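**Q** Sequence and predicted structure below; questions after.
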Amino acid sequence: MSKSLMATAQAPANIAFIKYWGKKDSGLRLPANDSISMNLGGINTTTTVEFDAQLLADEVIINGQPADERAYGRVVKFLDKIRQLASQDLKAKVTSQNSFPTGAGLASSASGFAALALAAVSALQLELSERELSQLARQGSGSACRSIPDGFAYWKTADNSVDSFAYSLHSADHWAISDVIALVDQSEKSTSSTDGHKSALTSPFFKTRIEEYLPTQLEKVKTALTQRNFKDFGQAIEEEALNLHAICLTSKPPAIYWNSATLSIIHSIRIWREEGLEAYFTIDAGPNVHVLVETKNAERLKTKLTELPEVEEVLIAQSAVGARVLS
Ligand code: PMV
């Protein structure tokens, strides 16, 4: 075979404004609810995949190191799905690099599986639509499906794999808002999101979240995004972050993702808001705090966050395009 079956793709991480928490089907990664996110410019994964007849087993290098057993197994399982789609059994070499600090507590599975899906599919010259690519990325890591389309994404739940994918609600330049990320902890999180998705269903508040709270909250965030109404948007995303963590705290076993630094930043943001800096927080399954501001206020907020003794590092990300093939 003379033709090289190799491609490189890049995909951004994304921050969810309405969170995906709990699954309808774990194998297929079908979410319990719809979610809404924004791609994070500059916080991305670049992945090269080369299928090679000489290889006896897949090789996976992440940030310059061979992947650990768990990550390796997950990547191989995902490559198997793509090999099946392409009716192909060649092994691959996967080399993946994150642009953000390793172990900073920023989830790399969304950018990682979105970049891997696009690079592997392109290497095998499979022609997939954006929708099909998003469905595929979802099966690697749920939130990865939202890193495929541009800008602000909406991921639909469904009862079957074909109908659960993310699409762009608005392009990246729709609204100049920034995610100013306060990193407070570099260690591995105590409860993985995989375990968190499972235990979410045991919270006595889970049913209320899904059936009563989220339908209205999704509409609020969607409308605020469309109208670029920052106050409504900010209030809705904070409410949602607190609702998600109420589920985590009341699950069996409970997942307590916050630490004292997280709480201290929450209080600071509320004080700064009273002083006139309009900023709103959201928090994923970890202690770091994502603070949303209009981009014109991002540097000012970064300075204030950097001055807090409990903050280790601050990153600023603006809304960005989705996954792209680089070569
Ligand atoms: O894609 P996963 O399994 O890593 O889950 C992501 C979960 C949250 O980050 C907490 C929420 C979300 O929608 O991104």
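**A** Looks like it arrived, so ask away. Numbers count the residues shown, from 1 in each chain.
**Q** measure Gln54 to the ligand for me?
**A** 34 Å (CB to the nearest ligand atom, to the nearest Å). From N, CA and C alone the C-beta is placed, and that goes for glycine too.
**Q** May I see the buried residues of the longest helix along the chain?
**A** For the chain, the helix that runs over the most residues, judged by DSSP state H, is helix 230-249. By neighbour count on 16 or more other CB atoms under 10 Å, the buried set for helix 230-249 is 230, 233-234, 236-241, 243-245, 247-248.
**Q** now the helices: where do they sit in the chain?
**A** When secondary structure is read from DSSP H, the chain shows helices at 69-85, 109-123, 130-138, 193-200, 206-208, 214-227, 230-249, 260-274, 298-307.
**Q** Can you redo the ones you listed as JSON lines, where the extra columns are distance to the ligand and mean pLDDT?
**A** As requested, the helices of the chain are exported to JSON lines (distance: least, CB to the nearest ligand atom, whole Å; pLDDT from 0 to 100):
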{"stretch": "helix 69-85", "distance to the ligand": "11", "mean pLDDT": "97"}
{"stretch": "helix 109-123", "distance to the ligand": "5", "mean pLDDT": "97"}
{"stretch": "helix 130-138", "distance to the ligand": "9", "mean pLDDT": "98"}
{"stretch": "helix 193-200", "distance to the ligand": "4", "mean pLDDT": "95"}
{"stretch": "helix 206-208", "distance to the ligand": "14", "mean pLDDT": "98"}
{"stretch": "helix 214-227", "distance to the ligand": "12", "mean pLDDT": "98"}
{"stretch": "helix 230-249", "distance to the ligand": "7", "mean pLDDT": "98"}
{"stretch": "helix 260-274", "distance to the ligand": "14", "mean pLDDT": "98"}
{"stretch": "helix 298-307", "distance to the ligand": "20", "mean pLDDT": "98"}
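**Q** Packed most tightly, which of those would that be?
**A** helix 109-123 (a mean of 29; mean count of other CB atoms under 10 Å).
**Q** How many neighbouring residues does the residue of the stretch 101-250 of the chain found nearest the ligand have?
**A** In the stretch 101-250 of the chain, the residue that lies nearest the ligand is Ser143 (3.3 Å; CB to the nearest ligand atom). A count of nearby residues for Ser143, using other CB atoms under 10 Å, gives 29.
**Q** ok so, going back, what angle do the longest helix of the chain and helix 214-227 make?
**A** Using axes from the mean of the first three to the mean of the last three CA atoms, to 10 degrees, the inter-axis angle of helix 230-249 relative to helix 214-227 is 150 degrees.
**Q** Quick one: end-to-end length of stretch 181-198, please.
**A** 27 Å (CA to CA, to the nearest Å).
**Q** now do stretch 268-286
**A** Length of stretch 268-286, first residue to last, CA to CA: 18 Å.
**Q** Only the C-alpha atoms, please, for the longest helix of the chain, written as CSV.
**A** Extracted in CSV, the C-alpha atoms of helix 230-249 (Å, rounded to 0.1, in the frame of the first residue of the first chain):
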residue,chain,number,x,y,z
PHE,A,230,-25.6,38.8,29.4
LYS,A,231,-27.4,39.2,32.7
ASP,A,232,-30.1,36.6,31.9
PHE,A,233,-27.4,34.3,30.5
GLY,A,234,-25.2,34.7,33.6
GLN,A,235,-27.9,34.1,36.1
ALA,A,236,-29.1,31.0,34.2
ILE,A,237,-25.7,29.4,34.0
GLU,A,238,-24.9,30.0,37.7
GLU,A,239,-28.2,28.5,38.7
GLU,A,240,-27.5,25.5,36.5
ALA,A,241,-24.0,25.0,37.9
LEU,A,242,-25.4,25.0,41.5
ASN,A,243,-28.2,22.7,40.4
LEU,A,244,-25.7,20.2,39.0
HIS,A,245,-23.6,20.3,42.1
ALA,A,246,-26.7,19.8,44.3
ILE,A,247,-27.1,16.5,42.3
CYS,A,248,-23.5,15.6,42.9
LEU,A,249,-23.7,16.3,46.6
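**Q** All good on my end, thank you.
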